[in-house]
Each structure stands twice: as structure tokens, then as C-alpha cells.
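Peer 1: Here's a sequence, model it:
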Amino acid sequence: MITALLITLLAQTFPTLKVQPDRVVMITAPRPRPVARVLVHFPLDSTVCRQVMDALLEFRSPAGSSTGRRLLLQIVPITTAWDSGEVSWTEPWTTPGGDYDATVARFLALPSPGERVQVDLTLFVRNCDRYHGILVKPPAFRGVGFGDAARYLTDALKNATLILTLRPGEASSDTLHRRRAQP
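Peer 2: Prediction:
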């Protein structure tokens, strides 16, 4: 009986959605040497987000920086709503450089250029009614923002995919497409 139940559970397929970002913006701080962070937003409906079992951000590792050092990333959920046409280092944030929740940060060192990168963003996506995309920055010990590597990272994230695994039978790709079609 238990074996039959286990086989039935394993045989179920889990629906998967692949979502492209609708906004990827680099914000730059005016300093003697400019530093930048990257903002990414995915068009997600809270109905879909509640059905998410797993959410993986996938992209190709960018070229990096002219220094040749390995690029270290801290990925955090953005806590303030933003629009790509009206965003800067200081706007609409209460803290310059972006408002984010550092308590659920993801850290990673990028592999060699061109290699596939996957980051678990399940917690971020399940709370998409509270979070407004992701902010990518260096960890605090590496400074406030990226230097010349920011433009390469921005380009890589424009081609990123958010892969959502949903609970079977509870949501479909139609839910996401209906939301995109709404004005």
C-alpha cells in the first residue's frame, strides 16, 4: 500500500513555468568612482506565487570585470515598488541604493564566463506580494556596488529565466498569461 502511494506520488508531473524578466535596470551612485547595482523584476501574479514549490533563477555567468577577480553576488528581495522609468540610486528608496530585505539574502560566487548559474529564489517568489523583484549587489565586504562588471551582469540578467515548479492541478501557465494580458 505504501509502495503504491509512493509510486503514484513519484509519477505525478509538476507543472513548470519559465518567466522572463520584464524590467532589468542598473542604478548608479554618483561617487568619485561610480558604483552600480542591478534591479530585476519578473511579472508574477500572487495567485501563481502561492502555488510555487520551487523557484530557480537561471542565467549565464557574465564576462566579469576588468580586474579579473571572481564576481561575488548578494541577491536580495526589493521591498519598495519601483518602475524602470522612475528609478535611480535615490528614488523611490528610503535608503540610497535600494530598499531590500537582507535577512533572506542569497550569496554566490559566479563561475567562469558562460557557465550556467542557478540560484534558489523560492522564498522570494512565494512572497511576491511583499517583494518587488530582486536587487543584485556585491556583499558588504566587497563594497557598495559593482564597478565596470555591472553592465555585463545587467546584460546577463536581461537574458535570465525564472523557472517555477508549481503544485500539480492548482495553477497553470494560463494564470500567468491572463495576468500579462491585463492592462
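Peer 1: which parts of the strand ranked longest in the chain are buried?
Peer 2: As far as residue count goes, and with DSSP state E defining each element, the longest strand of the chain is strand 52-60. Taking 16 or more other C-beta atoms under 10 Å as the basis for neighbour counts, the residues of strand 52-60 that come out buried are Val52, Ala55, Leu56, Leu57, Phe59. All C-beta spots, glycine's among them, are computed from the backbone N, C-alpha and C.
Peer 1: Which neighbouring elements make contact with the helix or strand encompassing Met26?
Peer 2: Secondary-structure assignment from DSSP states H and E places Met26 in strand 23-29. With contacts taken as 3 or more C-beta pairs under 8 Å, 6 or more residues apart in numbering; DSSP states H and E, strand 23-29 sits against strand 35-41, helix 149-158.
Peer 1: which of the ones you listed sits most buried?
Peer 2: strand 35-41 (a mean of 22; mean count of other C-beta atoms under 10 Å).
Peer 1: Export it to PDB, keeping only CA atoms.
Peer 2: Output for strand 35-41, consisting of C-alpha atoms alone and laid out as PDB, is shown next (Å, rounded to 0.1, in the frame of the first residue of the first chain):
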ATOM      1  CA  VAL A  35      29.300  52.000  -8.400                       C
ATOM      2  CA  ALA A  36      26.200  50.200  -9.600                       C
ATOM      3  CA  ARG A  37      23.600  47.700  -8.600                       C
ATOM      4  CA  VAL A  38      21.200  45.800 -10.700                       C
ATOM      5  CA  LEU A  39      17.400  45.600 -10.200                       C
ATOM      6  CA  VAL A  40      15.400  42.700 -11.800                       C
ATOM      7  CA  HIS A  41      11.600  42.300 -11.800                       C
END
